[in-house]
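3D, please:
(2 chains)
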Amino acid sequence: MTIAPAGGGFARALDLVTRVRGVRGAMLVTGDDGLVVAEQLMEGIKGPAVAALAASVARRLGRAMETAGVGATLFWHLQAERGALLVVPAPSGLLVVAVAEPEVNVGLVRLELLRAAEGVG
Amino acid sequence: MLDEIKTLSSQLAQDPDSLVFLRLGELLRRKGQLEAAHRVALTGLERHPHLADAHDLYARVLADKRDYERAFDEWDMALRIAPTHVGALKGLAFLYFTVGDLAQAVAHLEAARRAAPDDPAIVQALAAVRGGGGAPATGAAAATEEVAAAPAAAAPLEEARVFAGLEGAQEGLLLLDPSGRVLGGGLKDPHGRDVTDAVAAYLAGVSQEAARTAKLLDFGAWTGLAAEGTIGHVHLTPPTGNALLLVVRDRSVPMGRLAILAQRAALAARRWLERQ
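I've put the predicted structure just below:
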């Protein structure tokens, strides 16, 4: 697992998420431009590219949800055949992103993402 | 059985915190006394909210009463508490089978088999479900029901509602093509304004980025995107390779229940598309 240079607060926020069984990595990403602020990722995960795409999905999804009248996004979960991406926007505009295995406990990851978002908020 | 019910009822009356409610509720359920089973299960669950078996029992009763959405929630909760709970895995397999999602049914039965490798009934249910078109639906359902000790009969889905939504009724269902053109359904915001086209346009971009993200992570095809909002929840799923289905509900519908609603809607959408 690689750890990008980051403050202790960011590292502690990511620790909350990566300690959940089935989570392969976590990142803090700027919501506006999809840049990695801090990351704890298993080898082989392309952090910057995933960050950029996660931010792009978040922006588009946010617009769709606001337009549909369901309010601001609190949490989203992309499910795929062999994995999942789970994201919580922090009040600061950062996105807390988790990359996980398909059988991960989504409820638990969500809770830890929300805690991490509070921590970096 | 009647004697046992009396004995257990007496024990429970003497010690309301006892776990005998599990046995009593199951006996009442099997005897078809669903209202009594419901009361026993719900009271037990209120006293033991963190007991997976209590959620499992309540789910079985709900499933017998054909309240599949709440049964899904309860089995889902049981699995959150005990991720290898065999009863919950089999129950969810039954529900997925009921809505025609054989892949999920098999996946849950496989998980149940890993947790209880010596249970021959799970193997039987797996064979029946994997039999697909070769196995009569009632046979497969019965096999799944047998191992799950779940509902006595699978009710036909309320697809009319789903189809009504897809045909244009404003039920929070929207079916799109990959470029964001509306194929069916519609959406209104809380103020009653029609937002169908705007949401459709944004969603086309979401699905493209979701597919790119899944590919980049070597996750295979994306199967769904669930999102929680401050006012409501949405679930986006590709019912076929060339279509997108959005289900929108307010926050009173939990995310787990929304997922099963989306599964039902996706199945209906696939059938609807095949007929076009």
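
helix/strand/coil for the closest residue to residue B:47 other than its chain neighbours?
Nearest residue to residue B:47, sequence neighbours excluded (Cβ to Cβ, 6 or more residues apart in numbering or on different chains): residue B:17, at 5.9 Å. The way it works is simple: take the backbone N, C-alpha and C, and place the C-beta from them, glycine included. Here residue B:17 is coil, with the state taken from DSSP: H, G, I helix; E, B strand; the rest coil.

what's the neighbour count on whichever residue of the stretch 51-200 of chain B sits closest to chain A?
Residue of the stretch 51-200 of chain B nearest chain A, by Cβ to the nearest Cβ: residue B:189 (3.2 Å). Using other Cβ atoms under 10 Å in any protein chain shown, residue B:189 has 17 other residues around it.

wait, it sits on residue A:71?
No: between residue B:189 and residue A:71 there is no contact under Cβ atoms under 8 Å: 10.5 Å.

let me see the contact set for residue B:83.
Contacts for residue B:83 (Cβ atoms under 8 Å, 6 or more residues apart in numbering or on different chains) come out as residue A:105.

next, give phi and psi for it.
Reported as degrees, to the nearest 10, the phi and psi values for residue B:83 are phi -60, psi -20.

can you say which helix or strand has the one residue sitting closest to the centre of chain A in it?
For chain A, the residue sitting closest to the mean C-alpha position, by Cα atoms, centre = their mean, is residue A:97 at 0.9 Å. Using DSSP states H and E, residue A:97 sits in strand A:94-100.

after that strand, which helix or strand is next? Please name it.
helix A:106-120.

residue A:75 sits in which helix or strand?
Here residue A:75 is assigned to strand A:73-80, by DSSP H and E.

output that strand as PDB, nothing but the C-alphas.
The C-alpha trace of strand A:73-80 is given here as PDB (Å, rounded to 0.1, in the frame of the first residue of the first chain):
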ATOM      1  CA  THR A  73     -25.200  14.000  -2.800                       C
ATOM      2  CA  LEU A  74     -24.300  12.500   0.600                       C
ATOM      3  CA  PHE A  75     -22.900   9.200  -0.500                       C
ATOM      4  CA  TRP A  76     -22.700   7.200  -3.700                       C
ATOM      5  CA  HIS A  77     -21.700   3.600  -4.500                       C
ATOM      6  CA  LEU A  78     -20.600   2.400  -8.000                       C
ATOM      7  CA  GLN A  79     -21.100  -1.400  -8.200                       C
ATOM      8  CA  ALA A  80     -19.200  -3.500 -10.700                       C
END
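
residues in contact with it: which ones?
So strand A:73-80 is in contact with A:57-58, A:61-62, A:65, A:84-89, A:102, A:106, A:110, A:113-114, B:210, B:213-214, B:217, B:219-230, going by Cβ under 8 Å, 6+ apart.

filter the residues you listed down to the buried ones.
Neighbour counting over the contacts of strand A:73-80 (16 or more other Cβ atoms under 10 Å in any protein chain shown) leaves A:57-58, A:61-62, A:65, A:84-89, A:102, A:106, A:110, A:113-114, B:210, B:213-214, B:217, B:219, B:222-229 as the buried ones.

which of these fall within helices?
Applying DSSP state H to these, the entries found in helices are A:57, A:58, A:61, A:62, A:65, A:106, A:110, A:113, A:114, B:210, B:213, B:214.

what parts of the stretch 151-276 of chain B come near chain A?
Contacts of the stretch 151-276 of chain B with chain A, taken as Cβ under 8 Å from any Cβ of the partner chain, map to B:187-191, B:195, B:198-199, B:202-203, B:205-206, B:209-210, B:212-214, B:216-234, B:246, B:248, B:250.

residues near residue B:3, how many?
7.

and if you look at residue A:104?
The burial count for residue A:104: 20, using other Cβ under 10 Å.

got the contact list for it?
A:20, A:21, A:22, A:23, A:84, A:86.

now intersect those residues with the strands, please.
A:23, A:84, A:86 (DSSP state E).

output the below-cut-off pLDDT ranges for the chain.
Because you didn't say which chain, this covers chain A. A:1-8 (pLDDT under 70).

please refer instead to chain B.
Using pLDDT under 70, chain B drops low at B:100, B:132-171, B:275-276.

can you pull out the strands in it?
B:173-176, B:182-186, B:222-229, B:232-237, B:244-250.

can you redo these as a markdown table with distance to residue B:55?
Listed next are these as a markdown table, based on distance: least, Cβ to Cβ, whole Å:
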| stretch | distance to residue B:55 |
| --- | --- |
| strand B:173-176 | 29 |
| strand B:182-186 | 33 |
| strand B:222-229 | 21 |
| strand B:232-237 | 21 |
| strand B:244-250 | 22 |
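
which stretches of the stretch 101-250 of chain B form helices?
B:102-115, B:120-130, B:137-148, B:159-166, B:196-216 (DSSP state H, counting those that start in this stretch).

tell me the contacts of residue 61?
Using chain A. A:73, A:76, B:202, B:206, B:225, B:227.

that answer is for a different chain, and I need it for chain B
B:25, B:29, B:34, B:37, B:38, B:41.

out of those residues, which are close to chain A?
Answer for these near chain A: none qualify (Cβ under 8 Å from any Cβ).
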